[in-house]
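Peer 1: Can you look at this prediction? I've put the sequence above it.
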Amino acid sequence: MRRLAEIPQDVPAVFAERFNSGDPEALAEIYEDGTVFVAEPGSPLTGREAYEANAAFMALGLPITVRPRQVYSTGDLALLIVDWVIEGTGPDGAPAHIEGTATDVARRGPDGRWRYAIDNVFGVRATAG
């Protein structure tokens with residue numbers, strides 16, 4: 001399995017590889033402690049809730065494809081705008097298609113590797129209400 005990203009542009013590819021592995025523990029390694037995970041607009045999660053929300057996406061058993069649109073970095077911080085698609089036949093036999101454009105913040109850790117600090121899965125989608 002691919003090591004954690006050494007440059008911010010590689011964070012989405014590392015995420016996709018680990019997501020597609022089906023191993024939630026491997027995926028969790030690309031998040032720093034205290035990461036904010038936004039699985040639904042307006043509903044930020046941290047800790048165990050964030051882990052479980054991400055694992056729920058993985059539990060679909062479908063691959064994710066990512067396409068970084070923009071990456072801007074300064075020092076140890078980076079903003080990533082990433083188009084993504086989860087698509088295939090779901091566990092119930094029905095076709096599934098979920099897509100979005102994430103707005104994410106990654107940070108370089110003391111080990112020189114980049115991890116998500118904020119993973120806003122549907123970053124540009126408006127909140128309901």
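Peer 2: On my side now, so go ahead. No experiment lies behind these values; they were computed from the predicted model shown.
Peer 1: Now Gly100: phi and psi?
Peer 2: phi -170, psi 180 (degrees, to the nearest 10).
Peer 1: residues near the residue nearest to it when sequence neighbours are not counted, how many?
Peer 2: Nearest non-adjacent residue to Gly100, counting by CB to CB, 6 or more residues apart in numbering: Phe122, 4.4 Å away. Every C-beta, even on glycine, is put in place using the N, C-alpha and C of the backbone. Residue neighbour count, defined by other CB atoms under 10 Å, stands at 19 for Phe122.
Peer 1: Assign a three-state SS to Phe122, would you?
Peer 2: coil (DSSP: H, G, I helix; E, B strand; the rest coil).
Peer 1: Identify the residues contacting it.
Peer 2: Contact analysis of Phe122 by CB atoms under 8 Å, 6 or more residues apart in numbering lists Val38, Glu40, Pro41, Gly100, Thr101, Ala102.
Peer 1: Isn't the first one up against Val121?
Peer 2: Yes - the criterion here is CB atoms under 8 Å, and Val38 meets it with Val121 at 5.9 Å.
Peer 1: Pull out the buried residues from the contacts of Phe122.
Peer 2: Using 16 or more other CB atoms under 10 Å as the burial test, these include Val38, Pro41, Gly100, Thr101, Ala102 as buried.
Peer 1: Before we move on, what's the pLDDT of the residue nearest to Gly100?
Peer 2: With respect to pLDDT, Phe122 scores 92.
Peer 1: Check Thr35 too.
Peer 2: In this prediction Thr35 is given a pLDDT of 95.
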